[in-house]
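quick one, fold the following:
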Amino acid sequence: MESKLGDFNLYDRIMGDVCANVMTEATYTDNQIYLKWFDPNDCAQRVYFHGAAIISDLFNQNKICTIYLDMSLWKYIPFKIKNWKRRKQIKWVSENKVPLTATPIRAIIDHIEGFNEMQPEANAIWQDILDKYYEPKKGD
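Okay, here's the model as predicted:
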């Protein structure tokens, strides 16, 4: 079996799928972006966050479209500090405030992984997308 790691065409298709899913999910929640059960330690969910940021930028060119993060407040604070440039764009929300129509991120990611046949190297692919596009390491 040939490795899909480093296939930039696949990475572009994955990001297209992520952005399409963010837009679809936003239609279920009155055009608001909710990341339900967001885990900032999961590289796939961080890629999904970056896709949500792209869509948020496209939704409102003139004013900021908010991304609501359903996560532990103790994880949210360091995540917001780490993503300081987007501080006005992201907000913490408790689980009981998330609309019932919002789909958990992990379910969406599992669907994307199955559709693009990313297993068994899915985690390596998500991490490579982060490293190449969104979170390059210092000195690279």
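
does the most centrally placed residue in the chain count as helix, strand or coil?
Centroid check for the chain by Cα atoms, centre = their mean gives residue 48 as the closest residue, at 1.5 Å. At residue 48 the chain is in helix, as set by DSSP: H, G, I helix; E, B strand; the rest coil.

I figured it hits residue 20, correct?
No: judged on Cβ atoms under 8 Å, residue 48 makes no contact with residue 20 at a distance of 11.9 Å. Every residue, glycine included, has its C-beta placed from N, CA and C.

with just CA atoms, put the helix or strand in which residue 24 is found into PDB.
Applying DSSP states H and E as the criterion places residue 24 in helix 8-28. Below are the C-alpha coordinates for helix 8-28, written out as PDB (Å, rounded to 0.1, in the frame of the first residue of the first chain):
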ATOM      1  CA  PHE A   8      -0.500  17.800  -1.400                       C
ATOM      2  CA  ASN A   9      -3.400  17.100  -3.700                       C
ATOM      3  CA  LEU A  10      -4.900  14.900  -0.900                       C
ATOM      4  CA  TYR A  11      -4.200  17.700   1.600                       C
ATOM      5  CA  ASP A  12      -6.100  20.200  -0.500                       C
ATOM      6  CA  ARG A  13      -9.000  17.800  -0.900                       C
ATOM      7  CA  ILE A  14      -9.100  17.200   2.800                       C
ATOM      8  CA  MET A  15      -9.100  21.000   3.500                       C
ATOM      9  CA  GLY A  16     -11.900  21.400   0.900                       C
ATOM     10  CA  ASP A  17     -13.900  18.700   2.700                       C
ATOM     11  CA  VAL A  18     -13.200  20.400   6.100                       C
ATOM     12  CA  CYS A  19     -14.400  23.800   4.800                       C
ATOM     13  CA  ALA A  20     -17.400  22.300   3.100                       C
ATOM     14  CA  ASN A  21     -18.400  20.600   6.400                       C
ATOM     15  CA  VAL A  22     -17.900  23.800   8.400                       C
ATOM     16  CA  MET A  23     -20.200  25.600   6.000                       C
ATOM     17  CA  THR A  24     -22.800  22.900   6.100                       C
ATOM     18  CA  GLU A  25     -22.700  22.700   9.900                       C
ATOM     19  CA  ALA A  26     -23.100  26.500  10.100                       C
ATOM     20  CA  THR A  27     -26.400  26.200   8.200                       C
ATOM     21  CA  TYR A  28     -27.700  23.900  10.900                       C
END
